[in-house]
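[1] just to be clear, the model below is a prediction. Sequence and coordinates:
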Amino acid sequence: MRVLILHSDVQPDAPSDEQDTLAQIPIIAQALRAKGHQVSHAPFKPDREALKALIARERPDVVFNMVEAVWGRGSYASIAVSMLTELGVPYTGTDAAAMMVGGDKVLTKQVLAAAGLSTPRWATPPDWSGVDGGRWIVKSVDEDSSLAIDDGAVADGRAAVLARAEHCQAAHGGRWFAEEFIDGREFHVAVIEDGGAPRALPVAEMVFENWDDGRPRIMSDSAKWNAASSEYARTVWKFDGVQEPVLHTKLSQLALQTFALLGLSGYARVDFRVDAKGTPFILEINPNPSLALDCALYASALRANMSYADLIETILTASRGA
C-alpha cells in the first residue's frame, strides 16, 4: 500500500515529548517498508485545503496517524482525525470522538465511574470538592507525556493541592485537576486490534529500582524524557505474569473493558495503580501511545513475540476505513 505518515508539526524549540514524535517517524517508515509498503511522511497543518492538497499529491491508501499535538497542544490532536474522516481517508488508530474522551482524563474517569470500573477519586476547580487532608497528585486534564509531573506534583491536603494547581496553570496554561494518589505499584497494559478483535498484550509493570523511600514513586517528566537522569535509569519495565497470573489476568480484562467502553480502536494503552490490598485502579487511557523503541507498548509486543515491523503492520491492518 501507499502509506502517508502524518505527524505533528513539531517546532525546533518544542519539548522532548513532541521531539520524540519526530524521532519515531524513520523507525515506523523503515518497518512499513520492510513489509513492502511505499512510505512518505508530512507534517499536519490544521487547514482543510492544505490537507486536501497533500492527500491529492501523495494519494495514500492509508494515513498512519502520528499527530499527537496541534498548535503544540495534545488536546487538539483529534482535529487531524476529524479532517481525515471528513475527507474519507483511511487512517490508523482511534476516531476523533474516542480520542477526545480518552484524551480528557476527567471525562474518562466519569465514564469509568459510571460503568462501575474502579478509578481513584478526583476533584476539579473551582470548588475542588472532596479534597481533604489526604494525598493527591495534580495533573493536566488533557495533556499527557508527564507534563509537570515531578515530586512537587504530589500534594498533601487542600492548601497544597490548590497551590500546585495554581502554579501549573500559570506555568503551562490549560486545565488541571487533582487525583487521589494511590501509593502502590504501577502497571501499563497495551491493547491492539488484531484480526478484527482487541487483544491485550503482556502486562508491563513500571519498577522503581533503588528508589529513595522519601520520594513518591511516579513516572516523572525526568524519568520519561531525561536519559541522563537517575530517575530514567531507575525506572524499568518488568514482565512477571507467570508469578502473578491472577493479577495480570485481571488487569488485562479491565484494559479490554476500558477499550470497549470508550469505543477505542486500533491501539491504546491503559495505565493502572494497584494498592497494598491488591486492588487495581484505572488511572488514565492513552488513545495514541508512543511507538518508540523504548516504550511500554513495544516492550509488551516483544513479550508477545511480535517484531517491531509486525506491530506496525498490525496497527496498519486495523486502520479505520481501510
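    Sure thing, it's come through.
[2] quick check: end-to-end length of stretch 73-92?
    20 Å (CA to CA, to the nearest Å).
[3] what mean pLDDT does that stretch get?
    Average pLDDT, stretch 73-92: 94.
[4] do the same with stretch 254-266
    Averaged over stretch 254-266, pLDDT sits at 97.
[5] so where's the chain shaky on pLDDT?
    Counting by pLDDT under 70, the chain contains low-confidence residues at 15, 17, 145, 225, 242, 321-322.
[6] for the residue nearest to the spatial centre of it, which non-adjacent residue is closest in space?
    Taking CA atoms, centre = their mean, the centroid of the chain lies closest to residue 286, which sits 2.8 Å from it. With sequence-adjacent residues excluded and distances taken as CB to CB, 6 or more residues apart in numbering, residue 286 is closest to residue 269, at 4.5 Å. For glycine as for every other residue, the C-beta is placed from the backbone atoms N, C-alpha and C.
[7] looking at this structure, which helix is longest?
    Criterion DSSP state H: the longest helix present in the chain is helix 16-34.
[8] quick one on the thing from earlier: and the residue nearest to residue 286, helix, strand or coil?
    strand (DSSP: H, G, I helix; E, B strand; the rest coil).
[9] and it, how far is that from residue 255?
    As judged by CB to CB, to the nearest Å, residue 269 and residue 255 stand 8 Å apart.
[10] shared neighbours, these two?
    Shared contacts of residue 269 and residue 255 (CB atoms under 8 Å, 6 or more residues apart in numbering): 189, 191.
[11] rewinding a little: so who does the residue nearest to residue 286 touch?
    So residue 269 contacts 188-191, 285-286, 289, 296-297 (CB under 8 Å, 6+ apart).
[12] let's see it at 6 Å
    Shown in contact with residue 269 (CB atoms under 6 Å, 6 or more residues apart in numbering): 188, 190, 286, 289.
[13] again, but for residue 6
    Residue 6 touches 44, 63, 65, 67, counting by CB under 6 Å, 6+ apart.
[14] need the buried ones from those selected in ChimeraX.
    To isolate the buried members of the contacts of residue 6 in ChimeraX, using 16 or more other CB atoms under 10 Å:
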select :44,63,65,67
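[15] just the contacts of residue 6: which are in strands?
    63, 65 (DSSP state E).
[16] quick one: which of the contacts of residue 6 is nearest residue 248?
    When the contacts of residue 6 are compared for distance to residue 248 (CB to CB), residue 65 wins out at 29.7 Å.
[17] make sure that closest one is actually in contact with residue 95.
    No: using CB atoms under 6 Å, residue 65 is not in contact with residue 95; the gap is 10.5 Å.
[18] how does this protein divide into domains?
    Following automatic domain parsing, the chain resolves into domains at 2-91, 101-118+184-317, 122-180.
[19] and the helices in the stretch 101-250 of the chain, which stretches?
    In the stretch 101-250 of the chain, the helices defined using DSSP state H, counting those that start in this stretch lie at 105-114, 158-172, 221-225, 230-234, 245-261.
[20] could those go into a markdown table alongside distance to residue 31 and mean neighbour count?
    Output for those, formatted as a markdown table (distance: least, CB to CB, whole Å; neighbours: other CB atoms under 10 Å):
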| stretch | distance to residue 31 | mean neighbour count |
| --- | --- | --- |
| helix 105-114 | 30 | 18 |
| helix 158-172 | 33 | 16 |
| helix 221-225 | 23 | 19 |
| helix 230-234 | 25 | 15 |
| helix 245-261 | 23 | 18 |
